[in-house]
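Colleague: Have a look at this prediction, sequence included:
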Amino acid sequence: MSYGSIPLGTAVPASLRAALDQGALVGTFQLIGHTTVTEALVYAGADAIVVDAEHAALDLTTIEQLVRAGSGRVIVRVPEISSAISRSLDTGAAGIVVPHVESAAQAVALVDAVRFPPLGSRGIGAARAAQYGFGMADYLATANDSLLAIAMVETREGLERVDEIAAVDGLDLIFIGPTDLAASLGTAAGSAEHRAAIGRIIEATLAAGKHVGIHCADAAQAAEYAASGVRLLLVSTDVAFLASTANTSFTDSRR
Ligand code: 3PY
Ligand code: MG
């Protein structure tokens with residue numbers, strides 16, 4: 001890396017949901033439970049960081065620290081539709097990702113858990129998101145419009161029902177999980193069947209007037225998906241960035 005005098009990616013976004021309406025957001029998944037990683041990713045220019053509580057050993061106390069460090073850029077991937085949604089949002093997260101959504105009913109339940117009445121049934125609490133009560137009026141007035149409700153489609157069942165999932169009111173974005181999708185289809189990532197399935201999800205989601213996102217292996221793949229209208233481009237993961245850069249450096253140093 002080079003040292004610079006202009007801090008990149010440090011302006012606090014008013015709302016990631018509003019930013020998505022303006023153009024593509026680039027970021028990554030965070031699995032390492034330390035605020036230094038979140039801050040480094042923000043300074044590196046991440047528009048959005050999805051903290052991965054589906055696959056990483058992250059408890060809610062850690063998630064709150066990462067949200068705090070992420071200055072409005074942190075979305076939480078919860079393991080499933082449960083109280084983890086409201087608890088994560090109460091930390092001040094900018095949105096929720098639910099993996100393995102396979103029906104409209106599940107997408108409806110996701111939206112219901114993310115939105116306050118009358119759009120949903122999220123409970124009201126004087127938590128960090130509402131500045132411990134001091135910012136409650138403002139939070140209640142803006143949360144339903146600013147928080148992102150994201151459903152992952154990453155199985156054969158989800159693919160088959162993508163039209164009904166994408167039609168669910170209040171759902172902002174369908175995020176594609178290419179690895180699980182390949183496994184569920186019983187095909188290799190990058191195969192013609194896999195590519196067609198991804199294309200079908202992108203097309204159906206855009207046709208429903210929703211945004212679409214995808215996990216990308218690298219920048220070249222992200223650029224390719226951006227050209228197809230994909231708006232949330234999560235490239236690699238924090239661990240993979242660390243491991244691959246370290247591995248390349250170690251290997252090159254032994255030459
Ligand atoms: C997948 O590819 O299955 C994902 O969940 C992306 O992280
Ligand atoms: Mg997955």
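Modeller: Perfect, I can see it now. Ligands and ions are numbered 1, 2, ... in the order given.
Colleague: Alongside ligand 1, which residues does the stretch 101-250 of the chain contribute?
Modeller: For the stretch 101-250 of the chain, the residues in contact with ligand 1 (Cβ under 6 Å from any ligand atom) are 154, 177-180, 215. To be clear about C-beta, it is placed using only N, CA and C from the backbone, and glycine gets the same treatment.
Colleague: Counting neighbours, which of those residues end up buried?
Modeller: Taking 16 or more other Cβ atoms under 10 Å as the criterion, what is buried in those is 154, 177-178, 180, 215.
Colleague: and of the residues you listed, the nearest to residue 244?
Modeller: residue 215 (15.3 Å; Cβ to Cβ).
Colleague: hmm, who's touching the helix or strand harbouring residue 137?
Modeller: Following DSSP states H and E, one finds residue 137 within helix 136-146. Residues from elsewhere that reach helix 136-146 (Cβ atoms under 8 Å, 6 or more residues apart in numbering): 14-18, 89, 94, 115-116, 119-120, 124, 126, 129-131.
Colleague: Report the buried residues of it.
Modeller: Buried residues in helix 136-146 (16+ other Cβ under 10 Å): 136, 139, 143-144, 146.
Colleague: Also stretch 42-51?
Modeller: Here stretch 42-51 shows 42, 46-51 as buried, counting by 16+ other Cβ under 10 Å.
Colleague: farthest-separated two in those residues?
Modeller: Greatest spacing in the buried residues of stretch 42-51, by Cβ to Cβ: 47 and 51 (14.6 Å).
Colleague: what's near enough to touch the residue of the stretch 1-150 of the chain found nearest ligand 2?
Modeller: Closest to ligand 2 within the stretch 1-150 of the chain is residue 99: 5.4 Å, counting by Cβ to the ion. Residue 99 is in contact with 54, 77, 79-80, 152, 154, 177, 180, counting by Cβ under 8 Å, 6+ apart.
Colleague: Switch the residues you listed over to a markdown table; also include pLDDT and secondary structure.
Modeller: Formatted as a markdown table, those follow (pLDDT from 0 to 100; DSSP: H, G, I helix; E, B strand; the rest coil):
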| residue | pLDDT | secondary structure |
| --- | --- | --- |
| 54 | 98 | coil |
| 77 | 98 | strand |
| 79 | 98 | coil |
| 80 | 98 | coil |
| 152 | 99 | strand |
| 154 | 98 | coil |
| 177 | 98 | coil |
| 180 | 98 | helix |
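Colleague: for ligand 2, what are the nearby residues on this structure?
Modeller: 154, 177, 180 (Cβ under 5 Å from the ion).
Colleague: Please report phi then psi for the first one.
Modeller: Per-residue torsions, residue 154: phi -150, psi 20 (degrees, to the nearest 10).
Colleague: For residue 180, see how far away it is.
Modeller: The gap separating residue 154 from residue 180 is 4 Å, by Cβ to Cβ, to the nearest Å.
Colleague: what residues do those two have in common as contacts?
Modeller: By the contact definition Cβ under 8 Å, 6+ apart, residue 154 and residue 180 are jointly contacted by 99-100.
Colleague: Which stretches in the stretch 1-150 of the chain count as strands?
Modeller: Assigned by DSSP state E, counting those that start in this stretch, the stretch 1-150 of the chain shows strands spanning 25-30, 48-52, 74-77, 95-98, 148-153.
Colleague: Same check on the stretch 151-255 of the chain?
Modeller: Ranges of strands in the stretch 151-255 of the chain, per DSSP E, counting those that start in this stretch, are 173-176, 211-216, 232-237.
Colleague: Closest residue of the stretch 101-250 of the chain to ligand 1?
Modeller: Closest to ligand 1 within the stretch 101-250 of the chain is residue 177: 2.8 Å, counting by Cβ to the nearest ligand atom.
Colleague: what's the closest non-adjacent residue to that residue?
Modeller: residue 154 (3.1 Å; Cβ to Cβ, 6 or more residues apart in numbering).
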